[in-house]
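>>> Sharing a sequence plus its predicted fold:
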Amino acid sequence: MKCRYCGFENPEAMRYCGNCGMKLVDEKGGEIKNVTVLFADISGFTTIAKKLDAEETREMLNTVFEVVSRACEKYGGTIDKFIGDEALVLFGAPISTENHIERAIRTAIEINQVISEMKGVFPVNVRMHMGIHSGKVVIGEVGGEGVRDYTVIGDTVNLASRLRDLAPPGQIFISEETAKRAEAFVEMEFIKRTTIKGIQEKVNVFRVLGLKRKRGKVRGIEQLQAPMIGRKEEMKRLTYILRTVTDEKKMRVVFIEGDAGIGKSRLYNEFISAAGGVKVFQSRFLPFAQEPDFPLKTLLRQYFNLKEFMTMEDASACVERGLKGLQNLPPDAKEIVLGFLFYEKYSKDDDFETYRQEVLSIAEKILRSEAKRVLIIGVEDIHWADVISLNSFEHLIKFLVDTPIMFIFMSRPTFEVPTVSRWKNSIMNSVISEKIDLLPLTDEDSAKFISKLLEIERLPLSVKNKILKKGGGNPLFIEELLKTLMEKGYIYLEDGKYLAKPDIMQFEVPDTIGDIVLSRVDNLNSKNKRVIQTASIIGDVFWDRPLDFLLSMDTSDALEFLIVRDFISERAQSSFENANEYSFKHVLLQESIYESILNKVRKKSHREFARWLLRNYPDKERQFASLLAYHFEKGEEFEEAVKYYKLSGDLYSEQSAPQKAIESYNKALFYIKKLDICKDIQWEVYDRLGVQFRYIGMMRDALEAFRNAISYADDACNIARVKYDNACALQEMSRYDEAIELLHEALVYGEGDIRLKMDVYQELLWVYYLKGDIERSQQNVEQLKELIERYGDVLSGDEVERRWAGLYDRSGILKGHRGDIAGAIEELKKSLEIYKKQNNINKVAVIYNNIATYYGYQGRLSDELSMLKRSLEIDEKIGRRLGIAVTYYNIGLCYLFLNDLEKAEDYFNKYLALNKLIDNKLGDGYGYRGLAGVYLQRGNLKKALDYVDQSIKIFSSLGSTYLENVTKLLKASILISDNRAGKARNIIKQVDEYAKKADNPTVWGELFFVRGKQAYISGKLEECEKYLDKAEVAFLGMNDICVLGDLYIERIKLYEKKKDMKSLTVYKDKLEEWVKKILEGIDDYELKSRFLEKRELQGLI
């Protein structure tokens, strides 16, 4: 590879030029990089040049450019070119650096300082003005045959140049993008918002005033800090080592290693805080402008209490005080220390090594004197260490090994820095040492970190999961992702609370993270870098066979190297036969590398990979539909992308992954509409999109999708299918009459379609059940059963089983409605067995919920709660909001019966909140009825009546007569408890008329029970006993054990008033047995205690 600095031709494997030693850069393809561009030139150069002859002008330019070059070399800038009096300098290119903004600003400040100190050097007054901007650029070769130049292109370069033009003599102007990332260490002032040629939007301009004396938080979110999470074991280990050092009076060396941002400094600082009054010295290595022995000098400055901007006279006094009391010092010890700390050239005439030995001897004595009890010395960022500094620390460790000092060295993985790695191994072989590897936080700890750092209300679960995935357990990465969302306005502060917008779809890689990642990648040799770049195009997960194909070479050695260097890992199993599967160690690593590749290179590789996949694995086209869709989209073959996005949506639907299915269908529709392609499948994509929206309770979106599907459907069968799917949505919105009408229309349009007919009958039986028309519901059960039996041979085995499962589910519920609880559970378990066999987790969740209800009827309360929570876990995982809502309600009912009123109220409120999102009006009726029960048990009858009235109003408006009437009975019962028997009587009459028509055992049982209570209040004890007898017969026929308790309590009250001691004893015994039976069904001790605290049980058992 040819060196761009000296032109020397180097072998392919070389990373640094064999001639000049500079880093080699592959210039063939070009890259996209995040850089900081510095433009600098001499203010008023044309006027100055007129005053000087050509030779003087040349000398002046050479002197100025020498200043620029030295400053750039010191801070790691690359001079792209000198043009006349102008210098274009890049920071973060060709080699990426994570602190290119600070490097650029420090360079600019130093150039101005040095030039200002050279007033007597030039025959005229020379001042520079500079502009700095940070952003994306394309970097690579530009030019034609024979004349090519390596440079940068993009708006970032243009804006930096324009800012330079705006800056007055001697000043530095920076853009807002640069200012945001520099505010922690730069004093600046806002100048103006102005229009700049070539830039569409107005630009905010800032002036650099200097560096801040106190450095702020460079990375993460300013003024926000979470407590340390997930590092208990590491803290225990450090505490143990410190105790060992204290007890044994011997040195220990600890190396804390981990990726950038993983929390090394945080762990160290928390440990120091916990250590209490232990003496601590701490220092660090710098990534740029680092003088030899800088960390040691920092430690000595701390010991001598030397402050910044201190005069030499004061510094001399501090050193003199610090040396007092130390034994066996050379007579000129003060001069040695001052020379070491303050002068570039040592003040003695002795040779360098002799001088260093004297300095180290003095440092050794200082540290020994400070370690009387124990001393901690912390040194950060040793991955940036120079050899001289490492040798100094090795000397001190060797000669202080018998001293109670705990050295803590913190670094990123050192295998990428051979000199540091060798030094570390040498230390670990010579003294007692320990290495602590900081691993990423678990998802659970990462979630805690987010909530502790930033308490965000209404943070969507999908957004939280994306942050967790992209953050990869790295606290810094999580902070930077949150910071980016805050800067974009997706997370915002309102009334002192952080809120999140619900539509956060895309996460950009924060520049800070991209810089960290790409600085590692740029240190790879040409082959390894090409391999990891191409792998990033395939994705976060990739395979060696297509990688070999795309690069036309064997990549095995490169992949092994990348595994060793912790960029990637090999997976135990592969999705492709005869191909090894790998994954990037971090999602943001893959994304950062991907974004650095030129678009034309990416597009070509995406297309080639998709075609390779289809050629080599044609039988897995459906399985890899999502992967194919993505690569065809990125390769801009949009018709293929639409085809595979629809296919992937279908696959996700079958896998009960509605959010992913919606994303796929929306992608397909986006290109269908934008490019006017694939119109023949447009109706079907809309229809399936509507089904998925219904699935997660987004009913308005579902209805809109069905309207679109109808408008594009091209024949009667397609229209029939859409009408059926639309009717299902209307049913879930409690719009029963509209649903029934559409279902009958679907039967007309889809005449002859047996599958559709079965679907319609199954939906009709459910709608009629919800309306309380049990007779019609049962008729549809029989019709559906007849269809399955008649046409079973036409259907596949799996489909026949699925049809039977659906029928078992519905007929089980009807049996439960009639009081046949055992029969209901039996039918539901048959349904559950089929759905589990077919891995239909959506339906499994539904059946769990239904079975749980009947477990409750049998008094198996813990089994009921357990089954409900299993159902909830599935629905939360797949995002099915209607299922989540229903389970919230059923859990609320369970806690209501168990007398845990706080939990019951919480679940009912969560149920109501979710119903508002999914337009489940029937659910509102259930929810208000649940809250009425809570307040009834609390004795707040007024509030209970308010809720029950809202419930009745909703059931009545929806035509759900069964629910309306049983809720009216609840109202009558509350009125009786409130001594308002007259109002209750009118309600009872209304329900009596309904009961005669419906002939439902549940309604009759509740009606008799309420009439018995009314008769008791009115003093008609014989009439009360008659109704309670009838209620008991009905309740026993329902096989719902839970309703018997209230009945027995009313019986006891009756017989106490009648002074019928025999009957009283019988029903007290029955109540005791009932309570015992209920307690047998409760596993949790606290819930048992809660249940026994029920007001109505007090004094009776």
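Structure's in. What do you need? Numbering: from 1, shown residues only.
>>> got the contact list for the residue nearest the centre of the chain?
For the chain, the residue nearest the mean C-alpha position is residue 467 (2.0 Å; Cα atoms, centre = their mean). Residue 467 makes contact with 450, 478, 481, 482, 507, according to Cβ atoms under 8 Å, 6 or more residues apart in numbering. For the C-beta atoms, the positions are set from N, CA and C on the backbone; glycine is no exception.
>>> Residue 1094 now?
Neighbouring residues of residue 1094 by Cβ under 8 Å, 6+ apart: 899, 937.
>>> From residue 902, how far out is it?
Shown here: residue 1094 relative to residue 902, a distance of 15 Å by Cβ to Cβ, to the nearest Å.
>>> if we can go back for a sec, can you list the buried residues in the helix or strand containing the residue nearest to the centre of the chain?
Here residue 467 sits within helix 461-471, counting by DSSP states H and E. For helix 461-471, burial by neighbour count (16 or more other Cβ atoms under 10 Å) applies to 463, 464, 466, 467, 468, 470, 471.
>>> Whatever helix or strand residue 1047 lives in packs against which elements?
According to DSSP H and E, residue 1047 maps onto helix 1044-1058. Applying 3 or more Cβ pairs under 8 Å, 6 or more residues apart in numbering; DSSP states H and E, one finds that helix 1044-1058 makes contact with helix 1001-1017, helix 1021-1038, helix 1061-1080.
>>> winner for burial among those helices?
Neighbour counts (mean count of other Cβ atoms under 10 Å) averaged over each of the helices and strands packed on helix 1044-1058 peak at helix 1001-1017, with a mean of 22.
>>> got the angle for that one vs helix 1021-1038?
Helix 1001-1017 and helix 1021-1038 are oriented at 160 degrees to each other (axes from the mean of the first three to the mean of the last three Cα atoms, to 10 degrees).
>>> what sits up against helix 1001-1017?
Residues from elsewhere that reach helix 1001-1017 (Cβ under 8 Å, 6+ apart): 817-819, 962, 965-966, 969, 972-973, 976, 979, 981, 984-985, 988, 991-992, 994-995, 1021, 1023-1028, 1030-1031, 1034-1035, 1037-1038, 1043, 1046-1047, 1050, 1053-1054, 1057.
>>> Run through who's touching stretch 1073-1081.
858-863, 1041-1042, 1044-1045, 1048, 1088, 1091-1092, 1097, 1101.
>>> Closest to residue 623 out of these?
Using Cβ to Cβ, residue 863 comes nearest to residue 623 of the contacts of stretch 1073-1081, at 38.1 Å.
>>> just checking, next helix/strand downstream of whichever strand or helix holds the closest one?
Assigned by DSSP H and E, residue 863 falls within helix 861-878. Going down the chain from helix 861-878, the next helix or strand is helix 881-897, by DSSP H and E.
>>> tell me what that following helix is packed against?
Packing partners of helix 881-897 (3+ Cβ pairs under 8 Å, 6+ apart): helix 841-857, helix 861-878, helix 901-918, helix 921-938.
>>> any chance of those helices in JSON lines, with mean pLDDT, distance to residue 315 and mean neighbour count too?
Putting the helices and strands packed on helix 881-897 into JSON lines (pLDDT from 0 to 100; distance: least, Cβ to Cβ, whole Å; neighbours: other Cβ atoms under 10 Å) gives the following:
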{"stretch": "helix 841-857", "mean pLDDT": "92", "distance to residue 315": "72", "mean neighbour count": "22"}
{"stretch": "helix 861-878", "mean pLDDT": "92", "distance to residue 315": "64", "mean neighbour count": "20"}
{"stretch": "helix 901-918", "mean pLDDT": "91", "distance to residue 315": "65", "mean neighbour count": "18"}
{"stretch": "helix 921-938", "mean pLDDT": "92", "distance to residue 315": "74", "mean neighbour count": "22"}
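>>> closest one to residue 288 among those?
Per Cβ to Cβ, nearest to residue 288 of those: helix 861-878, 48.0 Å.
>>> so which of the helices and strands packed on helix 881-897 comes closest to residue 74?
With Cβ to Cβ as the measure, helix 861-878 is the member of those nearest residue 74 (54.9 Å).
>>> the inter-axis angle of the helix holding residue 863 versus helix 881-897?
160 degrees.
>>> Using CSV, list the CA coordinates for helix 861-878.
What follows is helix 861-878 as a C-alpha-only set of coordinates in CSV (Å, rounded to 0.1, in the frame of the first residue of the first chain):
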residue,chain,number,x,y,z
LEU,A,861,-57.5,-18.7,43.6
SER,A,862,-53.7,-19.2,43.4
ASP,A,863,-54.1,-21.3,40.3
GLU,A,864,-56.3,-18.6,38.8
LEU,A,865,-53.7,-15.9,39.5
SER,A,866,-50.9,-18.1,38.2
MET,A,867,-52.7,-18.8,35.0
LEU,A,868,-53.6,-15.2,34.5
LYS,A,869,-50.0,-14.1,34.9
ARG,A,870,-48.9,-16.7,32.3
SER,A,871,-51.5,-15.2,30.0
LEU,A,872,-50.3,-11.7,30.7
GLU,A,873,-46.7,-12.6,30.1
ILE,A,874,-47.4,-13.9,26.6
ASP,A,875,-49.6,-11.0,25.7
GLU,A,876,-47.0,-8.4,26.9
LYS,A,877,-44.3,-10.2,25.0
ILE,A,878,-46.3,-10.1,21.7
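>>> rewinding a little: could the helices and strands packed on helix 1044-1058 be laid out in JSON lines, adding distance to residue 309?
JSON lines is the format used below for those (distance: least, Cβ to Cβ, whole Å):
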{"stretch": "helix 1001-1017", "distance to residue 309": "86"}
{"stretch": "helix 1021-1038", "distance to residue 309": "88"}
{"stretch": "helix 1061-1080", "distance to residue 309": "77"}
